[in-house]
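Peer 1: Quick one: sequence plus predicted model below, questions after.
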Amino acid sequence: LRDTWLPSLHVVSRRAKIMAIPPPQDPYFMGKPPPPQGLGAPPGQYVYPPPPVPIPYDSAAGFVPPGPFTYPQGAPLVPPMPVPPVPPSMDTDHPDFYIPEVVKGFLPFFHRQITEKNTAEILNIYENEFNKLSERYFVELPWPEDERIAPLIPHDETFLTLYKELRFRHIYAKHKPTIDHRFDSYYNYCNLFNLILNTEEPLDIELPNQWLWDIVDEFIYQFQSFVQFRGKLKTRSSEEIQILKENPKVWNIHSILNVLYSLVEKSCINQQLEAYYAGEDPSSVAGEFGNHSLYKNLGYFSLIGLLRLHCQLGDCYQALQAVTNVQLSKKVLATTRVPASQISLYYYVGFSYLMMRRYRDTIRTFSNIIAFIQRAKQHFQPKSFQFDLVVKQNEQMLSIIAMALTLCPQHVDEVVNSQLRDRFTEKMAKLQKGELKTFEDMFTFACPKFMSPIPPDYDSLPENYNKEPTRYQCTVFLAEIEQQMILPVMRSYLKFYTTMPISKLAAFMEVDEITLREQLLRFKHKTRTLVSTTKGTQHLTGELKSASDLDFYIDGEMIHIADTKMARRYGDFFIRQIHKLEELSGGPVSKKITPA
């Protein structure tokens, strides 16, 4: 998969259409003059400082960058291709082509911060200023195309590629992307990753960790969106279907995997993590690219991206294999500064455990991250899409814990238990009764969006084909649940006895003794699962242990039951609470005793 096709050409927009979209109800688009800038700007409005050197732009010759231009990889010094001016026949008063003055000041300022590698200001622009401008000027229309903003900044292919990544992300989030948008966004991602990967030395750029995580996360999300888009052929036009048939390599699964695995290899992130956990210096095995923060963080986030992608493709074993060097019990590398990546990591690891019937590991993993979410909520903006996503994932993980506790009862953290009581009391009662419909509804809500890696047959596609992968995974899960439905009832009877005749339990269960022996063997088999014995690493290894809080054996016609639940050791509980208090206070907890 690592040597499969990946476009290496810089592809421009495949189509250029001017659509007659009615202008929004905004004074900037109604022919009114923009508000004064500088000292006359309205109170509270951010005024971007002008660039230090004015940018020469000639309406006849186009954009002329000052100074020579050096092409990458030792290419000869030749002047770049000038950006053509807007043709006189084009209606420059159309809202698609009008750029507000404040945006004209914002873009050169944004470019200058990226050029100067001012990551603090870049993060502020990325998380705040860009969103504010989007809400004010681009509610009904997308941001201008890169050809429109090119005259405002010096020729910089990297900046324009990053700008297009933000532009397409805004289209996906706030507008309905067309097939042209989906294709152009894919080509732009190819250009971006070619700039990063197809180079002999690291790309000289610094971006905030949040932006790097969002690039990887959005790349996989747009692939997922495209898979669902091509699966809804009932709503596709004949022209769109023909375009999909003619372009099978656009948003191809091989290209997605190629990018993620290439970023992992380029950064040597697996070798760095192994050295880190071994107490060695990660920089000694990182190489030239791995020592660069851009590649190191992209490589780490690509591991989480591979976990997510394989999980959505239905291969939970390969998903856990991708993060075999990522430790869940410690905050390592960039994930400490990007809570969303931490939450995504735990969610897909925990869901993979659920599908592999490792319910104890599922409950442990989700209990840890739910406690983390309670502390990290303050770092998300209340009205942002990230906050909504975190709230939804929190609900999804609680639903999975409720199902896992039904199949494998055990003690959980008080934070998790209180949320379960508040939100899932009624549903957990239905789960205990064995209602498959409740299991199906909760699984459908809590599972990720599964997808098929291959293009469909466009000539004979069944209805709602895009939902077929999720239905199949749900069928597999419910088949496992049906085999375990009798276990909670059997467990409820066994808990009241230390010894019990088989005939008596068979009478309680209303089955014959032969059937009961089969069910007792099933109880033994289903409650014996693989449990991780290491703290956070080696997710695919562990020990076979009983997941139930009781055990039994059969001696002739008698069942001998033993309660395996250990009495709570309060000394260990208080010691753990003292350690948590020390972590929060930043030092050992001590009390000075003054003599009387």
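Peer 2: Cool, got the structure.

Peer 1: Please name the residues that touch Leu494.
Peer 2: Shown in contact with Leu494 (CB atoms under 8 Å, 6 or more residues apart in numbering): 500, 505, 550, 552, 559, 561. Every residue, glycine included, has its C-beta placed from N, CA and C.

Peer 1: hmm, I was thinking of Val476
Peer 2: Met355.

Peer 1: Backbone dihedrals for it, please?
Peer 2: phi -60, psi -40 (degrees, to the nearest 10).

Peer 1: now it: how far from Thr365?
Peer 2: 21 Å (CB to CB, to the nearest Å).

Peer 1: Could you point out which of the contacts of Leu494 is nearest to Val259?
Peer 2: Distance to Val259, by CB to CB, is smallest for Leu550 among those, at 49.1 Å.

Peer 1: So the closest one sits against Ala562, correct?
Peer 2: Yes - the criterion here is CB atoms under 8 Å, and Leu550 meets it with Ala562 at 6.8 Å.

Peer 1: Mind checking which of these two has more residues around it?
Peer 2: More crowded of Leu550 and Ala562, by other CB atoms under 10 Å: Leu550, with 16 against 10.

Peer 1: Tell me the bridge partners for the more buried one.
Peer 2: Asp563 (DSSP bridges).

Peer 1: Can you tell me which helices and strands whatever helix or strand Ser341 lives in packs against?
Peer 2: Ser341 belongs to helix 339-355 when assigned by DSSP states H and E. Applying 3 or more CB pairs under 8 Å, 6 or more residues apart in numbering; DSSP states H and E, we find helix 339-355 packed against helix 209-231, helix 293-312, helix 316-322, helix 359-376, helix 385-407, helix 468-484.

Peer 1: Just name the most buried of those.
Peer 2: Comparing these by mean neighbour count (mean count of other CB atoms under 10 Å), helix 293-312 ranks first with a mean of 25.

Peer 1: Quick check: mean pLDDT of that one?
Peer 2: For helix 293-312, mean pLDDT rounds to 95.

Peer 1: Can you list the helices and strands that it packs against?
Peer 2: helix 179-197, helix 209-231, helix 253-267, helix 269-277, helix 283-290, helix 316-322, helix 339-355.

Peer 1: just how off-centre is that helix within its chain?
Peer 2: 9 Å (CA atoms, centre = their mean, to the nearest Å).

Peer 1: what do you get for stretch 205-223?
Peer 2: With CA atoms, centre = their mean, you get 10 Å for stretch 205-223.

Peer 1: what about the stretch 1-150 of the chain, any weak spots by pLDDT?
Peer 2: 1-97 (pLDDT under 70).

Peer 1: Mind doing that once more with 80?
Peer 2: 1-98 (pLDDT under 80).

Peer 1: one step back: what residues of the helix holding Ser341 count as buried?
Peer 2: 339-355 (16 or more other CB atoms under 10 Å).

Peer 1: okay, the angle between that helix and helix 385-407?
Peer 2: With axes from the mean of the first three to the mean of the last three CA atoms, to 10 degrees applied, the angle from helix 339-355 to helix 385-407 works out at 20 degrees.

Peer 1: Residue numbering should commence at 107 henceforth.
Peer 2: Will do, 107 is the new start, and the previous item becomes helix 445-461.

Peer 1: which ones are touching Asp252?
Peer 2: 266, 269-270, 273.

Peer 1: typed the wrong thing, it's Gln418
Peer 2: Neighbours of Gln418 in contact, by CB under 8 Å, 6+ apart: 330, 554-557.

Peer 1: at 6 Å instead, please
Peer 2: 554, 556-557 (CB atoms under 6 Å, 6 or more residues apart in numbering).

Peer 1: Give me the pLDDT for Leu303.
Peer 2: 94.

Peer 1: separation between the residue nearest to it when sequence neighbours are not counted and Gln378?
Peer 2: Nearest residue to Leu303 in three dimensions, chain neighbours excluded: Ser368, at 5.3 Å (CB to CB, 6 or more residues apart in numbering). Using CB to CB, one gets 16 Å for the distance from Ser368 to Gln378.
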